[in-house]
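Enquirer: Compute the structure for the input listed below.
(chains A, B, C and D)
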There are 2 protein chains.
Amino acid sequence: MAQTDTVTRILDTAEVLFAERGFAETSLRTITSKARVNLAAVNYHFGSKKALIQAVFARYLDPFTVRFHHALDELEAQHAGGVIPLEVLLETMARTVLDVPAERHSLKVFMKLLGLAYSQAQGHLRRYIQEEYGSVFSRFTELVRLATPDLPDSERFWRLHFVLGTVIFTLSGLDALRDIAEKDYQEHVTVRDLIRRLRPVVVAAMNAPLPPPPMPKAEAS
Amino acid sequence: MAQTDTVTRILDTAEVLFAERGFAETSLRTITSKARVNLAAVNYHFGSKKALIQAVFARYLDPFTVRFHHALDELEAQHAGGVIPLEVLLETMARTVLDVPAERHSLKVFMKLLGLAYSQAQGHLRRYIQEEYGSVFSRFTELVRLATPDLPDSERFWRLHFVLGTVIFTLSGLDALRDIAEKDYQEHVTVRDLIRRLRPVVVAAMNAPLPPPPMPKAEAS
DNA sequence: TCCCGCTGGAAACGAGTGTTTAAAACATTA
DNA sequence: TAATGTTTTAAACACTCGTTTCCAGCGGGA
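Expert: So this is what the prediction gives:
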């Protein structure tokens, strides 16, 4: 009990501080003092700051991957043999992303962390996520491939990252944007509200007409 | 000549290091040693590290804003009195963004910096950019408003940030994505190539059907 | 009772940070 | 040439950082 308490208190404190300020800008002393835990506890329980960062992600991504795999299992069973429509796939992913952090505090923290993982250099984090959780994403993209047979492979690859960028960028920068939106339009925006607005945009983006073929340079390449 | 040389050498070195590793992860000693300049030169010429970061941005954003204002002036003159089509507005913005860093090294650095500015906490940077360059963006959004009269104001606000997220996210993470894309699809992707793919997606996203009205909660709010 | 493997706590370590200082070198003008 | 203002230099300052060390307290097994 005592051990668990210290570990989770570190994780709880670290994840919100990381989300607010970034990894390099958050010192272990800030974390441990705000968590009312000894400074050495981080290195004792996690080994290093890098390992702590990865543990913070694992606490979100591990439940996410098992839930997402289960959800895809059900989907494949329902549409046995046939293709799963794109809207259903996107909807399932959105629901899973929403469900995981709902148990804990906030989706906001999770999204901000994802945004940081992509933008902060932090090479080790990117590698860790890629190696540890790349398989779920591969399974998902394969299902998307079946759902959009008319899209060239490379085009689908890029469009998936386009919409990934939209979602992560918007949801991770939500606080700042919400301030502007509330001031200008007097409406309070929730995360679920944003997802509602995101849905038709994402679908339209995936189904957009193909771009014109690249114009070859006049000179030699 | 000597002063200019030192200042620009610092800026040239700093911008690529910042883009590669982030702001907090790049020390002044790394910058000055790689630029073969004395450590104190940064504080002498710029005053502080924060000021250096802002100067790096100003060197891109200052030319961008004057070019963009000029481009919008021409557009308004051509469509005197009438509305400028959305595609033309987006096209003009894309062209301006492409033109500015073309003179120097790379659009890649500029995009990566923009991505960092949004994701890294670095509150001072966000404020600086907002206060210094917010007016061009306001002018642009007003023109977009005229071009999309059927879109509710708040919906247009969010969609603009959706596509902003797509562009910045994709172009700032280009290197990592390009590695995957080249391995999987054996095609080398240039920035101009990405913009070509981005165009129809962005247009489709802006023109997507409106989302269903928010479902009021069953219970009281 | 002694011993043992864990966990918590205070202090220190060494490295690295941004910034400042004061003197030297340079360039410019009188 | 001499004096002036500007730029460069090396050294130090005052921290903060992640990590390590060493010891006190705790539990249960022999």
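Enquirer: Please make it C-alpha for all contacts and neighbour counts, starting now.
Expert: Fine.
Enquirer: Could you pick out the residues of chain A near DNA strand D for me?
Expert: A:24, A:26-30, A:39-40, A:43-44, A:47-50 (Cα under 7 Å from any atom of the strand).
Enquirer: Now with 10 Å, please.
Expert: A:23-32, A:38-44, A:46-52 (Cα under 10 Å from any atom of the strand).
Enquirer: now the helices for chain A?
Expert: For chain A, helices defined by DSSP state H occupy the ranges A:2-21, A:28-34, A:40-45, A:49-78, A:86-103, A:107-119, A:123-147, A:153-172, A:174-185, A:191-206.
Enquirer: what's the least confident stretch among those helices?
Expert: Lowest mean pLDDT of the helices of chain A: helix A:174-185, a mean of 79.
Enquirer: buried set for that one?
Expert: With burial defined by 16 or more other Cα atoms under 10 Å in any protein chain shown, the residues of helix A:174-185 counted as buried are A:174, A:177, A:178, A:181.
Enquirer: separation between the residue nearest the centre of chain A and chain B?
Expert: For chain A, the residue nearest the mean C-alpha position is residue A:114 (4.6 Å; Cα atoms, centre = their mean). Residue A:114 sits 10 Å away from chain B, going by Cα to the nearest Cα, to the nearest Å.
Enquirer: The helices of chain A into TSV, with extra columns for distance to residue B:203?
Expert: Putting those into TSV (distance: least, Cα to Cα, whole Å) gives the following:
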stretch	distance to residue B:203
helix A:2-21	32
helix A:28-34	44
helix A:40-45	48
helix A:49-78	31
helix A:86-103	20
helix A:107-119	24
helix A:123-147	22
helix A:153-172	13
helix A:174-185	22
helix A:191-206	8
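Enquirer: how about the residues of chain A that lie near DNA strand C?
Expert: A:1-7, A:9, A:29, A:32-33, A:35-45.
Enquirer: who touches residue A:163 in this structure?
Expert: A:202, A:205, B:166 (Cα atoms under 8 Å, 6 or more residues apart in numbering or on different chains).
Enquirer: of all those residues, which comes closest to DNA strand D?
Expert: residue B:166 (31.1 Å; Cα to the nearest atom of the strand).
Enquirer: Pull the number of nearby residues for the closest one.
Expert: Residue B:166: 26 surrounding residues under other Cα atoms under 10 Å in any protein chain shown.
Enquirer: Thought residue A:170 was touching it, still the case?
Expert: No: with contact defined as Cα atoms under 8 Å, residue B:166 does not reach residue A:170; the gap is 9.2 Å.
Enquirer: show me the contacts for the residue nearest to the centre of chain A.
Expert: Going by Cα under 8 Å, 6+ apart, residue A:114 touches A:168, A:172.
Enquirer: Could you rerun that using 6 Å?
Expert: Counting by Cα atoms under 6 Å, 6 or more residues apart in numbering or on different chains, residue A:114 touches no other residue.
Enquirer: How much space separates it from DNA strand D?
Expert: Computed as Cα to the nearest atom of the strand, to the nearest Å, the residue A:114 to DNA strand D distance reads 19 Å.
Enquirer: Up against chain B, what does chain A have?
Expert: Residues of chain A lying near chain B by Cα under 6 Å from any Cα of the partner chain: A:21, A:121, A:162, A:165, A:166, A:169, A:197, A:201, A:204, A:205, A:208, A:211.
Enquirer: and the two most separated of those residues?
Expert: Spatial extent of the residues of chain A next to chain B (Cα to Cα) is set by the pair A:21 and A:211 at 38.9 Å.
Enquirer: And the helices of chain A: which comes nearest residue B:98?
Expert: With Cα to Cα as the criterion, residue B:98 lies closest to helix A:153-172 of those, at 18.6 Å.
Enquirer: Mark which of the residues of chain A next to DNA strand D are buried, thanks.
Expert: A:23, A:24, A:25, A:28, A:31, A:32, A:42, A:51, A:52.
Enquirer: Setting aside sequence neighbours, what's the nearest residue to the first one?
Expert: Nearest-residue entry for residue A:23: residue A:53, 7.8 Å, with adjacent residues in sequence omitted and distances by Cα to Cα, 6 or more residues apart in numbering or on different chains.
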